[in-house]
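Trainee: take a look and give me a structure for this.
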Amino acid sequence: MVVVATVVAWYNAPADRFGLFCTAKIRYEVSATVRVGDEILTSSVKTEFGHARKWLRRFASWDCQQSKGKALAFKARDGRVFLIPTSLCPLAEDVIRDVAKVDIMRMCKRERRYPTQAYIVSTAEEPTSWQAFDYSKNGPLTIVAMNATAFRWGAPGDDIAKKAPNLLRTDFILPANGASWLSPIKVVPQSLNIFTPQQYLIYQAYPADGPIPLRGALR
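Mentor: As a prediction, the model looks like this:
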């Protein structure tokens, strides 16, 4: 009986995907509704962000990154994919620990340190180009609602893999200044992008203001 209870407790324990060196700092689910032209699109994804465990911070700096749940994905009727990061502003991170739900747009609109950069990828099937935009302003899409809810049970998910799996096999070419944080690499799961053997990246997507190849596929 003791053994069974132990197993059940472990199985139902909060998921900690960071292992020996890292632990979850905050877990939450982001849900959003956006308008693209006459379309209403929705997306919801669980994510978590971590930090190095206390014993490790005494000796070295350690980077703890979650590979999944970094972006909400919206696939429009014309094939374009919109990616909105799931990161929160510092104020929302603090508040969500104490309340059940946070209105991200309302709470973070005055946070100057909060980046509101999102991305458009030309098409979900054969990506050839990408472009950054500010989702806090009226542009290619309009945010109807965007909320974050803290969660304890379950594991992070990935919306990109469900709606636009070919993005995971895309080599996103960096802009002229070489800043990776300006490109979709920032939110596309790293385990299937920059750490993936080159032969598995069969598409190339260039910045919209850069050279566009004749074909999306490398093969």
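
Trainee: quickly list what F172 is bridged to.
Mentor: A205 (DSSP bridges).

Trainee: please begin residue numbering at 133 from this point
Mentor: In the new numbering, first residue 133, that becomes F304.

Trainee: what's the neighbour count on it?
Mentor: When neighbours are counted by other CB atoms under 10 Å, F304 registers 25. In short, each C-beta sits where N, CA and C put it, glycine included.

Trainee: then Y246?
Mentor: Neighbours of Y246 (other CB under 10 Å): 17.

Trainee: name the nearest residue to it, sequence neighbours excluded.
Mentor: C221 (3.6 Å; CB to CB, 6 or more residues apart in numbering).

Trainee: show the pLDDT at the one you found.
Mentor: Predicted confidence (pLDDT) for C221: 89.

Trainee: so who does it touch?
Mentor: The contact partners of C221, taken as CB atoms under 8 Å, 6 or more residues apart in numbering, are 236, 239-240, 243, 245-246.

Trainee: state the distance from it to C240.
Mentor: As judged by CB to CB, to the nearest Å, C221 and C240 stand 4 Å apart.

Trainee: need the residues touching each of these two.
Mentor: Y246.

Trainee: can you map out the strands along the protein?
Mentor: Secondary structure of the chain (DSSP state E): strands at 154-168, 171-184, 203-207, 213-217, 233-235, 249-253, 261-266, 274-282, 302-304, 335-339.

Trainee: what does the pLDDT read for the nearest residue to K207 once chain neighbours are set aside?
Mentor: Distance criterion CB to CB, 6+ apart; nearest residue to K207, sequence neighbours excluded, is K295 at 4.7 Å. K295 carries a pLDDT value of 93.

Trainee: surely V227 and R238 touch.
Mentor: No. Using CB atoms under 8 Å, V227 is not in contact with R238; the gap is 11.1 Å.
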